[in-house]
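S.K.: This is the structure alone, sequence omitted:
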C-alpha cells in the first residue's frame, strides 16, 4: 500500500513537472504571439514554478508586449523580471528600449549601462546605448558606443547608419556619407540608410545624388514619407509622390476600418480605449523597427479588446505610410 501511494506521488510529480516544462516551452516558442503571451501568463500563475523561471516568463511576455506597442504593461513585466533576477541583461535592455521610446533618456542609458556590464560582448546593447546617447544630445558618447560596436562587428548596418547620424549632427557630412555608404554595403536593402544619405547629399547641394538615394529608398520602402517629401522639395517627385499619396490614403482607410475603434488615428484627440496608443505616437514607440516589423509579425493581442488579424504586404505598406504621415 505504501509503495503504491509512493508510486502515485512520483507519477504525479513527473506529470506536474512535465506540465510546467510545457508551459514555459510554449511561452518561449509558440508560433502565435497571442498564444505565447497566454502561455507566459499561465507560467506566472503557476505556483509550482521557481522564481527564476517566472523571471524568464515575465521578460518574454514583456518583450512580446513591447513589440505589440503595449508599453506600460511591458515595462511592468520587465520590472518584475528584474526584481526576480537582477542579473537578467535582456530585461534591462528591454526596459531601456521602452524608456528610450518614452523619452526617458537618462533612465534608458542607465538600463543599457547595466545590460552592458552584465554582458559586455553584446553588440546590440552598445548600439542601443549609442542611440540613447544620440537622441539625448550626447553625440560624442554616442559615437564612442557606435565605434565599439563597429569594431566588434564591422558590418553592423544599424551601428554604421546611426554613427552617420551622429556625424551629421556634428556637421561632418563627409563622415556621415561614408558611414551611410558602409551601412548600405552591409545591408543593400537598408532603406533608411539611403534616405539619410539622400539628406546629406541634399545639404551638400548634390541634387542628382540626393534624388537617386531618395528614389532608391522609396523603391525599397514606399511608406517612407520623408523621401517622398524630399523629392517633392527637389522637384523630382512625379509618379513616386503619387504612389506614396495613394498608399497614405489607403492606409487611412484601413486605420478607420480596423483600428479607430480603439486608437486615435488623427493628429489630435485621445484614443477611445485608454490603453491603446494614438497612431501619432506609434513611430516614436518603434524607433528602431520603423513600424514594419511588429506589423509583419501579425498584430499581437496584449489586451483582450485588441483584435487579432494578419496583414498583407501591401496593407502593411499602406498603414505604415499613413502612420508616417502623422507628423
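M.R.: Arrived safely. It should be emphasised that the depicted structure is a prediction, and the values quoted were computed from it without experimental measurement.
S.K.: ok, residue 271 - contacts?
M.R.: 262, 263, 264, 277, 278 (CB atoms under 8 Å, 6 or more residues apart in numbering). All C-beta spots, glycine's among them, are computed from the backbone N, C-alpha and C.
S.K.: contacting residues around the last one?
M.R.: The neighbourhood of residue 278, defined by CB under 8 Å, 6+ apart, consists of 263, 264, 265, 269, 270, 271.
S.K.: Just give the number of residues close to residue 188.
M.R.: Per other CB atoms under 10 Å, the neighbour tally for residue 188 reads 12.
S.K.: give me every residue that touches it.
M.R.: Contacts of residue 188 by CB under 8 Å, 6+ apart: none found.
S.K.: measure residue 170 to residue 205 for me?
M.R.: 19 Å (CB to CB, to the nearest Å).
S.K.: These two: who's more crowded?
M.R.: Ranked by neighbour count (other CB under 10 Å), residue 170 and residue 205 place residue 170 first, with 14 against 8.
S.K.: May I ask which helix or strand encompasses residue 236?
M.R.: In the assignment (DSSP states H and E), residue 236 maps to no helix and no strand.
S.K.: Number the chain from 33, please
M.R.: Happy to do that; since the first residue is 33 now, the last one works out to residue 268.
S.K.: Pull the number of nearby residues for it.
M.R.: 17.
S.K.: Give me the residue ranges of the chain where confidence is low.
M.R.: Within the chain, the ranges that satisfy pLDDT under 70 run 33-55, 62-63, 270-274, 276, 315-342, 345, 359.
S.K.: Serialize the contacts of residue 310 to a markdown table and add fields for distance to residue 279 and secondary structure.
M.R.: Output for these, formatted as a markdown table (distance: CB to CB, whole Å; DSSP: H, G, I helix; E, B strand; the rest coil):
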| residue | distance to residue 279 | secondary structure |
| --- | --- | --- |
| 295 | 19 | coil |
| 296 | 21 | coil |
| 297 | 15 | coil |
| 301 | 23 | coil |
| 302 | 27 | coil |
| 303 | 23 | coil |
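S.K.: The residues you listed: which two are farthest apart?
M.R.: 297 and 302 (11.7 Å; CB to CB).
S.K.: So for these two, which residue has more residues nearby?
M.R.: Between residue 297 and residue 302, counting by other CB under 10 Å, residue 297 is the more crowded of the two (20 against 9).
S.K.: what sits against that one?
M.R.: 284, 287, 288, 291, 310, 311.
S.K.: Repeat the analysis, applying 10 Å as the threshold.
M.R.: 283-284, 286-288, 291, 303, 310-312, 354-355, 358 (CB atoms under 10 Å, 6 or more residues apart in numbering).
S.K.: any idea how far it lies from residue 181?
M.R.: 36 Å.
S.K.: Where does residue 146 fall, secondary structure wise?
M.R.: Counting by DSSP H and E, residue 146 is part of helix 137-150.
S.K.: just the contacts of residue 310 now: which is nearest residue 231?
M.R.: residue 297 (27.9 Å).
S.K.: Number of residues surrounding residue 135?
M.R.: By other CB under 10 Å, the residues close to residue 135 number 11.
S.K.: Quick check: it touching residue 103?
M.R.: No. Look at residue 135 against residue 103 with CB atoms under 10 Å: they stay out of range, at 11.6 Å.
S.K.: which residues are in contact with both of the two?
M.R.: By CB under 10 Å, 6+ apart, no residue touches both residue 135 and residue 103.
S.K.: after whichever strand or helix holds residue 211 comes which helix or strand?
M.R.: Residue 211 belongs to helix 205-218 when assigned by DSSP H and E. The C-terminal neighbour of helix 205-218 among helices and strands, as given by DSSP H and E, is helix 223-235.
S.K.: quick one: that next one to helix 205-218, angle?
M.R.: 150 degrees (axes from the mean of the first three to the mean of the last three CA atoms, to 10 degrees).
S.K.: In this structure residue 169 contacts residue 201, no?
M.R.: Yes. Between residue 169 and residue 201 there is a contact under CB under 10 Å: 8.8 Å.
S.K.: In terms of neighbours, single out the busier of these two.
M.R.: It is residue 201, of residue 169 and residue 201, that has more neighbours when counted by other CB under 10 Å, with 14 against 10.
S.K.: which residues does the nearest residue to that one once chain neighbours are set aside contact?
M.R.: Leaving aside its chain neighbours, residue 201 sits nearest to residue 171 (5.4 Å; criterion: CB to CB, 6 or more residues apart in numbering). Going by CB under 10 Å, 6+ apart, residue 171 touches 165, 197, 198, 199, 200, 201, 202.
S.K.: ranking those by neighbours, who comes first?
M.R.: In these, the most neighbours by other CB under 10 Å go to residue 198, 26 neighbours.
S.K.: tell me which element it is part of?
M.R.: Here residue 198, judged by DSSP H and E, is contained in helix 189-201.
S.K.: quick one: residue 189 and residue 210, what's the gap?
M.R.: Taken as CB to CB, the span from residue 189 to residue 210 is 14 Å.
S.K.: Same drill for the two, tell me which one is more crowded.
M.R.: residue 189 (21 against 16).
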